[in-house]
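# need a structure here:
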Amino acid sequence: MVEVQKILHIGSTIIFKITYDRDQISRIICAVQNTDNNETNFYFLNCTNFWYIDQNQQPPNTELRITIYGLKINEPKVILRNTVIINSPVHHMRLESHNKHGLFPISVATDELKFNVDQSVNEMTNESCIIFKCEDVPLPTRFEFKYHYIQIIQTTSTTNHVSSYNEYVELTPTDNNEIPCVNLPSREAVNYKIYRVSQSGNRYHVTKTSNESNFITHNTMVDVNNLHRLALLANVATTMPVPYLYRNKPSTHLTIREANRTGIMTKYIKDNNGDQASSINEKINGLFFSATADRRTHNPPVRSPFGNYRILVPPQYLLKFNSIPANIYFADFYCKKQGGPHYITLVLTKPGSVEDVYCKPRLLKLDINNNKFLYYDRIHDQYRTDSSSNVEVLYTENINLNEMRSKLGFREVYVLSTGQSRPGGIPKNTSCNICNLPKNPSRILSFCQILGLY
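Residues are numbered from 1 along each chain as shown. Have a look, this model is predicted:
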């Protein structure tokens with residue numbers, strides 16, 4: 001480690017002495033906030049140059065909150081960082097290893113920026129891309145040509161039993177309302193804040209800012225494949241027929257009241273139940289059914305934890321669209337509490353539908369005639385499951401109850417209810433060593449190959 005000390009001149013009155021490891025960083029991003037009025041400026045400095053920033057001749061004794069980010073050239077990841085408040089002509093700071101959350105710079109900008117987070121997947125390469133899409137903002141004028149944004153991203157690997165923490169700072173010019181996010185790993189809990197800035201030399205003055213917001217980066221196809229392998233490893237051979245896909249809801253549930261009025265059970269947005277990084281959470285519409293029967297009677301259980309009204313649909317009515325087989329995808333493997341049952345989430349889509357197009361590059365497509373969780377057994381002419389976990393199916397089309405009532409085998413019954421689903425869903429238990437992805441997922445494939453599962 002080669003420590004150096006460099007002086008940052010702030011205006012003509014403040015000398016700021018910064019000590020850092022020369023081998024670790026090659027550029028500095030300095031955020032300066034006037035704590036009296038919260039006016040915020042960013043400065044981009046090269047370690048080989050003279051460091052001077054002009055704070056428009058701050059009044060004497062102005063208190064400044066200074067955050068220094070140490071990075072490599074052309075890399076957004078922060079390596080060293082520190083924040084201090086200075087109110088004297090001379091001040092010292094040592095940049096430290098970056099291993100803990102820091103506060104975002106605060107801005108007095110009056111107009112708030114609002115962003116949607118779009119996590120897309122390139123179908124050709126299977127590479128993920130995250131875009132911040134700014135709402136209700138006019139495109140830059142010919143005079144402005146481009147907007148400039150500074151994004152500050154803080155991530156924590158909370159979904160992988162890893163206590164790592166990273167921060168990224170990136171200056172992004174754009175001629176539209178889309179801002180590419182820095183390249184992030186999957187399964188990361190992300191906090192972010194975005195600043196629109198106007199440039200004058202090396203000074204970027206904040207004119208608008210977003211609120212601090214958060215999201216989780218989605219599972220990649222590799223992650224979904226590894227969850228599928230975990231589900232296979234946890235599976236105990238227990239072949240059972242699937243006479244019905246059945247759905248339980250309270251008779252007072254909005255969708256049931258509406259279905260009684262119109263005859264249509266309408267799909268709605270999937271909640272956050274299951275793996276926190278699942279790409280289908282709050283992204284596709286559907287209706288959940290259970291495929292798991294009572295393991296003693298091979299019929300749906302007599303009690304329901306999700307409501308007293310139950311529809312029972314023979315699987316062939318949902319697994320085909322006018323004789324065209326539905327696409328079936330593996331989406332999730334999870335449990336809700338330690339020692340509780342495990343669940344498999346499958347998604348049934350109509351080929352070519354909006355949900356099908358969304359799922360295709362993100363989820364693992366299964367062969368309806370050859371998988372462990374829900375398949376057609378040609379020998380016995382019935383649908384079956386070989387899963388010891390509870391299999392739930394998200395059906396991504398509306399259900400015409402009037403039409404369904406005319407079909408052989410469809411039933412509507414009232415059962416003893418022991419509860420109902422929790423609004424928003426129940427997130428995955430991240431302490432389980434059975435259904436959470438390990439730090440080295442390649443070991444999963446090795447075990448599956450040894451057991452002949454892949």
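# Scan the chain for its longest helix.
Taking DSSP state H as the criterion, the chain has its longest helix at helix 221-234.
# Beyond that helix, next helix or strand please.
strand 240-241 (DSSP states H and E).
# where do the strands sit along the stretch 151-300 of the chain?
All strands of the stretch 151-300 of the chain, identified by DSSP state E, counting those that start in this stretch, fall at 165-174, 178-180, 189-200, 203-210, 213-216, 240-241, 245-249, 264-265, 268-269, 285-290.
# now the stretch 351-454 of the chain
Going by DSSP E, counting those that start in this stretch, the stretch 351-454 of the chain shows strands at 364-366, 375-377, 382-385, 390-395, 399-400, 411-414, 416-417.
# ok so, going back, of all the strands of the stretch 151-300 of the chain, which gets the most neighbours per residue?
Highest mean neighbour count of these: strand 245-249, a mean of 24 (counted as mean count of other Cβ atoms under 10 Å). For glycine as for every other residue, the C-beta is placed from the backbone atoms N, C-alpha and C.
# Could you check how far that strand is from the centre of its chain?
Distance of strand 245-249 from its chain centroid, counting by Cα atoms, centre = their mean, to the nearest Å, is 28 Å.
# Contacts for it next, please.
For strand 245-249, contacts defined as Cβ atoms under 8 Å, 6 or more residues apart in numbering pick out 255-256, 287-291, 300, 304-315, 318, 393, 395, 415, 417, 420.
# Please save the CA atoms from it in PDB.
Extracted C-alpha coordinates of strand 245-249, given in PDB (Å, rounded to 0.1, in the frame of the first residue of the first chain):
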ATOM      1  CA  LEU A 245     -55.800 -27.900 -10.200                       C
ATOM      2  CA  TYR A 246     -57.700 -26.200  -7.400                       C
ATOM      3  CA  ARG A 247     -57.900 -22.600  -6.200                       C
ATOM      4  CA  ASN A 248     -59.100 -21.400  -2.800                       C
ATOM      5  CA  LYS A 249     -60.200 -17.800  -2.000                       C
END
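# can you state the direction angle for that strand and strand 390-395?
80 degrees (axes from the mean of the first three to the mean of the last three Cα atoms, to 10 degrees).
# what about strand 245-249, average pLDDT?
The pLDDT scores in strand 245-249 average 95.
# Can you check what angle separates that strand from strand 285-290?
With the same axes, to 10 degrees as the basis, strand 245-249 and strand 285-290 are set at 110 degrees to each other.
# Show me what counts as buried in the longest helix of the chain.
Buried residues in helix 221-234, defined by neighbour count with 16 or more other Cβ atoms under 10 Å: Met221, Asp223, Val224, Asn225, Asn226, Leu227, His228, Arg229, Leu230, Ala231, Leu232, Ala234.
# now swap in stretch 266-275 and tell me
Judged by neighbour count using 16+ other Cβ under 10 Å, the buried positions of stretch 266-275 are Lys267, Lys270, Asn273, Gly274, Asp275.
# Filter those down to the ones in helices?
Among the buried residues of stretch 266-275, no member falls in helices (DSSP H).
# Same list, those, but as a markdown table with pLDDT and distance to Ile66 please.
Putting those into a markdown table (pLDDT from 0 to 100; distance: Cβ to Cβ, whole Å) gives the following:
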| residue | pLDDT | distance to Ile66 |
| --- | --- | --- |
| Lys267 | 96 | 52 |
| Lys270 | 96 | 44 |
| Asn273 | 94 | 44 |
| Gly274 | 95 | 43 |
| Asp275 | 95 | 40 |
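# ok, so of those, who is nearest Pro105?
Nearest to Pro105, judged by Cβ to Cβ, of these is Asp275 at 33.0 Å.
# thinking that closest one is in contact with Ile426, fair?
No - using Cβ atoms under 8 Å as the test, Asp275 is too far from Ile426 to be in contact (11.4 Å).
# coming back round to it: buried subset of the contacts of strand 245-249?
Buried among the contacts of strand 245-249 (16+ other Cβ under 10 Å): 255-256, 287-291, 300, 304, 306-315, 318, 393, 395, 415, 417, 420.
# now Arg187: how far from Pro438?
12 Å (Cβ to Cβ, to the nearest Å).
# With Glu123 instead?
28 Å.
# same thing with Leu8?
Distance from Leu8 to Pro438, by Cβ to Cβ: 44 Å.
# quick one, which of those two is more surrounded?
Leu8 (22 against 13; other Cβ atoms under 10 Å).
# isn't there a strand covering that one?
Yes - assessed by DSSP: H, G, I helix; E, B strand; the rest coil, Leu8 belongs to a strand.
# okay, the residue lying closest to Lys336 once chain neighbours are set aside: pLDDT?
Excluding its sequence neighbours, the residue lying closest to Lys336 (Cβ to Cβ, 6 or more residues apart in numbering) is Ile426, at 4.9 Å. Model confidence at Ile426, expressed as pLDDT, equals 90.
# Now Ile426, what are its backbone angles?
Ile426 adopts backbone torsions of phi -110, psi 120, taken as degrees, to the nearest 10.
# count of residues packed around it?
Applying other Cβ under 10 Å, we find 15 residues neighbouring Ile426.
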